[in-house]
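In: here is my input, please return the structure:
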Amino acid sequence: MYSSVEWNHLRAQMNLQKDTIRSVQYMRSCIGQMKAILQKCKRSRDKFDASVQNSLWSSCRRTLQRFSRTAQHRRIDIDVSAVVSSEDYVTWSDAVERCNAAVKDAMAHEPKKQFEAANFGYFNSQLSAKVNDWMKTIRDTSGKQWAANFSDTDSNAPGDCPEGSQLAAIRERLDMERFPEDLSMVVQSGSFMYNLHTHASDADYTVVFTTHTQALVDHRRPRTTFENHVAMPMGSDKRGEVEYTGKEVGTFLLELAKGNPSNVELLFTDPGNSVYESHDWSTLRCIRHVFVTERCINQYFGFIKDRLKRAERLLDDLEKDDSDTTLSCETFQSAFSKLLYHAYHKMFDLRRIVSGNDPLVRLDTASAERRFIMNIRQTRPLLGDFAPDVLLRNANEQLHQISEQRRSRPPSLLRPAEVDVATAMYWLEGVRRRHLKTSVMSTPSRTATPVRTRTSSASENKREQPFLAHKPNVLDRLRQFEQEENVKIVYAAECSSRILGTSHAASDHDICAIFVHPTDRYFSMLGSVDKLRKTYPATDATAETDITGWECRHAFSLLASDNITLLETFTSPLVYVAHYSLKEDVIPGAVAPPEWVDSVRMLAKEHYGRGSLAWAAWSHASQNYSDYVTRAEPGEILKKKYIHVSRKILLVHWLVYNLGIPTAWPPPLRVLDLLAALPDTQADGALHIGPEVRAELTDALDISHRSQLAERGDNWALLDSWIVPQLTAIKGMLSRVFSTGRQAKTKKASPAQGGSSKDAAWDAVLVPLIKSASVF
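Out: Alright, predicted model coming up:
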């Protein structure tokens, strides 16, 4: 019916008539196919009509004819002409068995080495190489086409690899010779992660790694797991032992989607307990609530029931043991207590999840839950309240109570039935394209294969310049800015559509910069300028570049006031300058940022008020919608203004959704990342997105459609119908949520009053920075 150029080329490459269908391996394949068809014929006699039966018998005859031609070529004497016209299952089965016997007899009479060289050598060398080359060419081409569909911001996110010294330290800690370098996360898991370890506990580590995207399309499937476990009975003294489990990020995500409690816990444990976390892992944390589903709750129940059943079997085995030795009792108590500690720990978190809260994972040292579990682990012998039968009975009763609590929950506490697959896959796709090795994919294969490419319009083929390609030109303009204004830039980052996921071929550069004056300027009568702005026109090499600079003291004053623009500047993934002077080798992800930049990001996480940010985002959205949509002339509305307003509304959604979760930081910058991290409805229905709005924004932000955002036209009806009610609902909701002043802005103390501790923290970074950088 159809065959592609690629398929026809493969047929020509394989030389089927000469090499393939004259081999014994082909004959054995024909026999296997005939056996399978005969089984279908036997099963289908009472299920299908005559036309299906005729089709099956015709397939069997054609396969027998192929077998006969090869047998004749190899001079294997067998006559099966009598069965060609038959449709009797027994007759055909007998004929197929005779064919099989004839092939085996031919194999037995030919020297083994000569036979393998004649019949399998081709398949193991030439044919395998041809097929692998063909597959590689197809996949490489498809991979390059796939990679070309994404903007430069996707491929230049912060690096996912620890530095060499850090990687060596991790490898040494785990005593591994071979270790994956593209790490997503390394955490000391097990009892240490739960704060339930004892002197006999071993060191358990969980590693999540990312396979190079190119390797995923190779014909040799890369490994997805590795592990190292000490073969000792459960509950044994393992002090000093190191065990680890590694999972490829795709496998890890699949287990997450299935609700695996051990995987879910890794997203809710304190990041401070991690040995290493990548940028990708941090973004996965932002959408962790997507994985707490009803399926996940079922998995928690299953895990607990499994541990309790195993404990029951241990108790039964002990009661049946006639020897009753001290050794057997000690072994039993160690294994039994470990099973019960696993069950109770999961049960405590399960109750929290069913009640609508997050799993705690790590128990506080002073908590009653931890004291109870540690008593189970350490009490010897297990007597009284900690007797095995008492612990089992209480555990089963508590599990039954949680089950009843689950059934009687109000609708507001119900979790989604399944994971939002679109959100999970969007995250995974981002990881894959950031790890795409274009230099490897561009390597030509050994056999050049003509591969068709999709025909695209010229506008679709216009892609943004990669970040590293246009970076030198932007740096030249930043140097020019320094010389013209007699300042030194200490930090500069992209804050344009390139980091919001809305850029297209004609997008300009919006650079936000932090600068210092020469030291003398701070003591002169002229004073210092707080803000500078310059625009550099487009050239053949670089798009129009708009640079907005804030003097360092003014910038830190805005940071201390929870300014939303400065926050986005310091969380931008496209950083041009992060030193006291401009250097050619400053590449995002290639070098660690200077200490003061890390300090700024840490202080922002600690001190930025979520309420202040939410009000600022709402204010920006309201003002922009009023200025650029409501008051615009008919037919003169710039479409990208709708996206800017929508992004601020989604930012409010995100801040409310993650209220009270300090680890959910910083807010995503890209519109699609915000969409992926949010549910359709929250805050009792006041905040909603809906599938229509999701689909509309997702389609508009597809790279092939983004150029349309720069066009002017009439109102965007669907977004209008969503934005207007949301602005009203958000204002009312924010007034209720932040009316207590819990996170609202407070009046700033005057310098005479000594300022606040928050101001002192910012000053501790600002003052040394100016002292060091203003000398030039």
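In: which residues touch the residue sitting furthest away from the middle of the chain?
Out: Outermost residue of the chain with respect to the C-alpha centroid, by C-alpha atoms, centre = their mean, is residue 82; its distance is 61.1 Å. Going by C-beta atoms under 8 Å, 6 or more residues apart in numbering, residue 82 touches residue 95. C-beta: built from backbone N, CA, C; applies to glycine.
In: distance of it relative to residue 401?
Out: Counting by C-beta to C-beta, to the nearest Å, the gap from residue 82 to residue 401 is 74 Å.
In: same thing with residue 92?
Out: Separation of residue 92 from residue 401 (C-beta to C-beta): 63 Å.
In: then residue 698?
Out: Applying C-beta to C-beta, the value for residue 698 to residue 401 is 43 Å.
In: between the two, which is the more surrounded one?
Out: Ranked by neighbour count (other C-beta atoms under 10 Å), residue 698 and residue 401 place residue 698 first, with 16 against 12.
In: from the contact counts, what lies against the helix or strand where that one lies?
Out: Element membership for residue 698, per DSSP states H and E: helix 691-700. If contacts are counted by 3 or more C-beta pairs under 8 Å, 6 or more residues apart in numbering; DSSP states H and E, helix 691-700 sits against helix 639-657, helix 671-676, helix 717-737.
In: residues of that helix that come out buried?
Out: By neighbour count on 16 or more other C-beta atoms under 10 Å, the buried set for helix 691-700 is 693, 694, 696, 697, 698, 700.
In: ok, those residues vs residue 367, which is closest?
Out: Nearest to residue 367 among the buried residues of helix 691-700: residue 694, at 40.2 Å, using C-beta to C-beta.
In: what residues are up against the closest one?
Out: Contacts of residue 694 by C-beta under 8 Å, 6+ apart are 675, 680.
In: can you tell me how far it is from residue 416?
Out: Per C-beta to C-beta, residue 694 is found 15 Å from residue 416.
In: check residue 397 too.
Out: 29 Å.
In: can you check residue 574 too?
Out: Distance from residue 574 to residue 416, by C-beta to C-beta: 34 Å.
In: check residue 402 too.
Out: 19 Å.
In: who has more neighbours, the two?
Out: For residue 402 versus residue 416, neighbours defined as other C-beta under 10 Å are more numerous around residue 402 (21 against 16).
In: so the more buried one sits against residue 350, correct?
Out: Yes. Shown here, residue 402 and residue 350 form a contact pair, counting by C-beta atoms under 8 Å, at 5.8 Å.
In: just the strands in the stretch 501-650 of the chain please.
Out: For the stretch 501-650 of the chain, the strands defined by DSSP state E, counting those that start in this stretch occupy 509-516, 531-536, 545-551, 575-577, 637-638.
In: and the shortest one, what's its mean pLDDT?
Out: The average of the pLDDT scores along strand 637-638 is 88.
In: helices or strands next to that strand in the packing?
Out: If you count contacts as 3+ C-beta pairs under 8 Å, 6+ apart, strand 637-638 packs onto strand 712-713.
In: run me through the strand neighbours of the strand it packs on, direction for each.
Out: Strand 712-713 pairs in its sheet with strand 637-638 (antiparallel), by DSSP bridges.
In: quick one: low-confidence residue ranges for the stretch 151-300 of the chain.
Out: 151-181, 217-220, 233-235 (pLDDT under 70).
In: now do the strands in it.
Out: Residue ranges of the strands in the stretch 151-300 of the chain, as given by DSSP E, counting those that start in this stretch, are 183-189, 203-209, 225-228, 242-248, 274-277.
In: still on that earlier bit, between the helices and strands packed on helix 691-700, which one is nearest to residue 536?
Out: helix 639-657 (21.2 Å).
In: what comes up buried for the lengthiest helix in the chain?
Out: Counting by DSSP state H, the longest helix found in the chain is helix 326-354. Judged by neighbour count (16+ other C-beta under 10 Å), helix 326-354 contains these buried residues: 329, 331-351, 353-354.
In: ok, then the element right after that helix?
Out: helix 368-378.
In: buried sites along stretch 767-776?
Out: Buried residues in stretch 767-776 (16+ other C-beta under 10 Å): 769, 770, 773, 774.
In: identify the farthest-apart pair in those.
Out: Spatial extent of those (C-beta to C-beta) is set by the pair 769 and 774 at 8.8 Å.
In: any shared contact partners between those two?
Out: With C-beta under 8 Å, 6+ apart as the test, residue 769 and residue 774 both reach residue 516.
In: how about TSV for the helices and strands packed on helix 691-700, with mean neighbour count and distance to residue 185 added?
Out: Formatted as TSV, the helices and strands packed on helix 691-700 follow (neighbours: other C-beta atoms under 10 Å; distance: least, C-beta to C-beta, whole Å):
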stretch	mean neighbour count	distance to residue 185
helix 639-657	22	22
helix 671-676	22	19
helix 717-737	16	32
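In: mean pLDDT lowest where, among these?
Out: Mean pLDDT values for the helices and strands packed on helix 691-700 show the minimum at helix 671-676, a mean of 84.
In: who are the packing partners of that helix?
Out: Here helix 671-676 touches helix 421-434, helix 639-657, helix 691-700, going by 3+ C-beta pairs under 8 Å, 6+ apart.
In: and stretch 556-576, how far out from the chain middle?
Out: A distance of 25 Å separates the centroid of the chain from that of stretch 556-576, by C-alpha atoms, centre = their mean, to the nearest Å.
In: what about it, start to end distance?
Out: This stretch, stretch 556-576, spans 19 Å end to end (C-alpha to C-alpha, to the nearest Å).
In: that stretch - what's its average pLDDT?
Out: Stretch 556-576 comes out at a mean pLDDT of 89.
In: by mean pLDDT, point me to the weakest helix or strand of the protein.
Out: Least confident helix or strand of the chain, by mean pLDDT, DSSP states H and E, is helix 458-461 with a mean of 32.
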